[in-house]
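Student: here is my input; please provide its structure:
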Amino acid sequence: MSTIAFDSFALTRIADFARSLSRLHALARRQPVDDDAFDREFNAVCLSVWGYTTDDFGDELFSPADHAFLDSLDEARARIFAAEQGYDLVDDTGMLTDWWGFCWMILAEKRGLLTPENRAAARAAIEDKYLAAPNVIGVIVGR
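Tutor: Below is the predicted model:
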């Protein structure tokens, strides 16, 4: 394993991209915040860091071993895993609240799942799901 992965200057500090998301989590401790707001902010961070979101690939693309690995993560193991891949999951107050989702993205990148083909397939699956719902006659997609 490369020692440069643990050099704090060589890591992509996700917290630098997640300031709005961290502020939203802090606000949620004082007042209710809509879940969609968290999703939008999380997706904005993922787009900034990777150019993809968790909506851009299906979880079925991960192997059972990958699912078991993700399910077994705790904050300490997640921090080590992220650092080994060149990412830092810590901000000025500690571990990022959404560390597990970021590990999901890091593993997707490691497995080569962040591709235009997987994005198109995932988006088509989402559209099919919406079109199968009663009273839905169309899906408008912003690209």
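Student: could you report the separation of Gly101 from Ala120?
Tutor: 22 Å (C-beta to C-beta, to the nearest Å). Placement of C-beta: from N, CA and C, glycine included.
Student: in the helix ranked longest in the chain, which residues are buried?
Tutor: Across the chain, the longest stretch assigned as helix under DSSP state H is helix 116-132. Buried residues in helix 116-132, counted by 16 or more other C-beta atoms under 10 Å: Asn118, Arg119, Ala122.
Student: which residue packs closest to the second one, ignoring adjacent ones?
Tutor: When you say that, I think you mean Arg119. Leaving aside its chain neighbours, Arg119 sits nearest to Asp56 (4.2 Å; criterion: C-beta to C-beta, 6 or more residues apart in numbering).
Student: with the first one instead?
Tutor: The spatial neighbour of Asn118 that comes closest, neighbours along the chain excluded (C-beta to C-beta, 6+ apart), is Phe57 at 4.4 Å.
Student: pull the contacting residues for that neighbour.
Tutor: Ala108, Leu113, Leu114, Thr115, Asn118, Arg119, Ala122 (C-beta atoms under 8 Å, 6 or more residues apart in numbering).
Student: report how many residues lie close to the fourth one.
Tutor: Going back to what we said before, that points to Thr115. 14 (other C-beta atoms under 10 Å).
Student: and what of Phe81?
Tutor: 19.
Student: find me the pLDDT at it, would you?
Tutor: Note for Phe81: predicted pLDDT of 97.
Student: that one against Ile106, yeah?
Tutor: Yes - proximity of Phe81 to Ile106 meets the contact threshold set by C-beta atoms under 8 Å, at 7.1 Å.
Student: for the lowest-mean-pLDDT helix or strand in the chain, list the C-alpha coordinates in PDB.
Tutor: Across the helices and strands of the chain, mean pLDDT, DSSP states H and E gives its lowest value to helix 116-132, namely a mean of 90. Extracted C-alpha coordinates of helix 116-132, given in PDB (Å, rounded to 0.1, in the frame of the first residue of the first chain):
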ATOM      1  CA  PRO A 116     -22.000   6.800 -18.900                       C
ATOM      2  CA  GLU A 117     -23.500   3.400 -19.800                       C
ATOM      3  CA  ASN A 118     -24.300   2.600 -16.100                       C
ATOM      4  CA  ARG A 119     -25.800   6.100 -15.700                       C
ATOM      5  CA  ALA A 120     -28.000   5.600 -18.800                       C
ATOM      6  CA  ALA A 121     -29.200   2.200 -17.500                       C
ATOM      7  CA  ALA A 122     -29.900   3.500 -14.000                       C
ATOM      8  CA  ARG A 123     -31.800   6.500 -15.400                       C
ATOM      9  CA  ALA A 124     -33.900   4.200 -17.700                       C
ATOM     10  CA  ALA A 125     -34.700   2.000 -14.700                       C
ATOM     11  CA  ILE A 126     -35.900   5.000 -12.700                       C
ATOM     12  CA  GLU A 127     -38.000   6.200 -15.600                       C
ATOM     13  CA  ASP A 128     -39.500   2.800 -16.100                       C
ATOM     14  CA  LYS A 129     -40.400   2.600 -12.400                       C
ATOM     15  CA  TYR A 130     -42.200   6.000 -12.500                       C
ATOM     16  CA  LEU A 131     -44.000   5.100 -15.800                       C
ATOM     17  CA  ALA A 132     -45.200   1.800 -14.200                       C
END
